[in-house]
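J.: mind looking at a prediction? Sequence and model below.
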Amino acid sequence: MDANQNNDPTKKTYHKKATGKALETVEKHSQDHELKLFGSCFCPFVQRVWISLEMKGLGYQYIEVDPYKKPQQLLEVNPRGLVPALRHGDWGCYESTVLMEYLEDLQKGEALLPSDPKLRAHSRLWSDHINRHIVPGFYRYLQAQDEKSQIKHGEELKEQISKLVDTADKSGPFFLGDKMTFVDVQMAPWVVRLRKVLQPYRGWPEPEAGTRWTSWVEAIEQNHAVRATTSTDDLYIDSYERYFENRPNTSQVQQAINSGRGLP
């Protein structure tokens, strides 16, 4: 059993293999390549980098690892044993936003950051908003165990998402207009998990028809790279039960949220 099951074999735990479209993508990228993405199928931070690779059309090898077992090949790239991690030849690095920036700096495939310096800064500013406010808010809401805390954190999450939507291009459907770019990729894994995790576990509402938020959600969900890196619903339901129950030994993210610290 996994440590997060707390010696109860009836408890669901994280999946260790992608399913659905994501599994098809894993199989397409199973051959050895100088550019290697070490990932875990349930991890939203991994999905950011994975979406970037797919959007850019780069050659790469996807390597599924169990970050709780911390295999040596992962530790050689990231001594902390966290995913995502990227090895490019004899060089390695980690942290999802840093890796997305690195892929941009390679100047290969489709650019996700705009060429205009002001728009690039604007994109980085609102990517920081996602990382500072929306991502922690997602976990606080999911992990909250009493109704009062759930209501509080649910409203906070909606408020932070609204701030992001309010600053997005008015016509959209994406953050900067009709093309999916850096901020959209930063946000995409949590858009996926609002429906696949927060909706069944916390009653997160469907986007209201005709709103700017709805058009953005639909555009992200239909993007080819998002679909290619998204597994079937059961993977997310099973993998996030441990957060929903706020079990001990769930993850460093869970522990950081419970202690009020920043994400690891």
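T.: Received it, and whenever you're ready, just let me know what you need.
J.: next one, pLDDT for the residue minimising distance to the centre of the chain please.
T.: When the chain is reduced to its mean C-alpha position, the closest residue under Cα atoms, centre = their mean turns out to be P44, at 2.2 Å. On pLDDT, P44 comes in at 98.
J.: can you give me the end-to-end span of stretch 104-121?
T.: Using Cα to Cα, to the nearest Å, the end-to-end distance of stretch 104-121 comes to 14 Å.
J.: ok, back up a step: so how far is T232 from the nearest residue to the residue nearest to the centre of the chain once chain neighbours are set aside?
T.: In this structure, P44 finds its nearest non-sequential neighbour in P189, 3.4 Å apart by Cβ to Cβ, 6 or more residues apart in numbering. In short, each C-beta sits where N, CA and C put it, glycine included. Per Cβ to Cβ, to the nearest Å, P189 is found 15 Å from T232.
J.: the two: which has the busier surroundings?
T.: Legend: neighbour count by other Cβ atoms under 10 Å for P189 and T232, higher for P189 (24 against 15).
J.: tell me the SS of that one?
T.: helix (DSSP: H, G, I helix; E, B strand; the rest coil).
J.: with C93 instead?
T.: C93 carries the three-state label strand when classified by three-state DSSP.
J.: hang on, it packs against L103?
T.: No. Contact criterion Cβ atoms under 8 Å: C93 and L103 do not qualify, at 10.6 Å.
J.: mind listing what's buried in stretch 57-68?
T.: Within stretch 57-68, the residues that count as buried by 16 or more other Cβ atoms under 10 Å are L58, Y60, Q61, Y62, I63, E64, V65, P67, Y68.
J.: and the fifth one, that one's in a strand?
T.: Right, I63. Yes. Assessed by three-state DSSP, I63 belongs to a strand.
J.: now for K28, how many residues are close by?
T.: Residues near K28, counting by other Cβ under 10 Å, number 11.
J.: G262 too?
T.: By other Cβ under 10 Å, the residues close to G262 number 10.
J.: do the same with L23
T.: Using other Cβ under 10 Å, the number of residues around L23 comes to 16.
J.: could you pull up the residues touching L164?
T.: Contacts were defined as Cβ atoms under 8 Å, 6 or more residues apart in numbering; by that measure L164 touches W126, H129, I130, I134, F175, M187.
J.: kindly report the same for Y94.
T.: Applying Cβ under 8 Å, 6+ apart, we find Y94 in contact with V77, N78, R80, L82, V83, P84, A85, L86.
J.: list buried residues within the residues you listed.
T.: Among the contacts of Y94, the ones that count as buried by 16+ other Cβ under 10 Å are V77, N78, L82, V83, P84, A85, L86.
J.: and the furthest pair within these?
T.: Pairwise distances across the buried ones among the contacts of Y94 (Cβ to Cβ) peak at 12.2 Å, for the pair L82 and L86.
J.: on that earlier part again, higher neighbour count, C93 and L103?
T.: Taking C93 and L103 together and counting by other Cβ under 10 Å, L103 has the greater number of neighbours (23 against 15).
J.: surely that one meets K56?
T.: Yes. Using Cβ under 8 Å, L103 makes contact with K56 at a distance of 6.4 Å.
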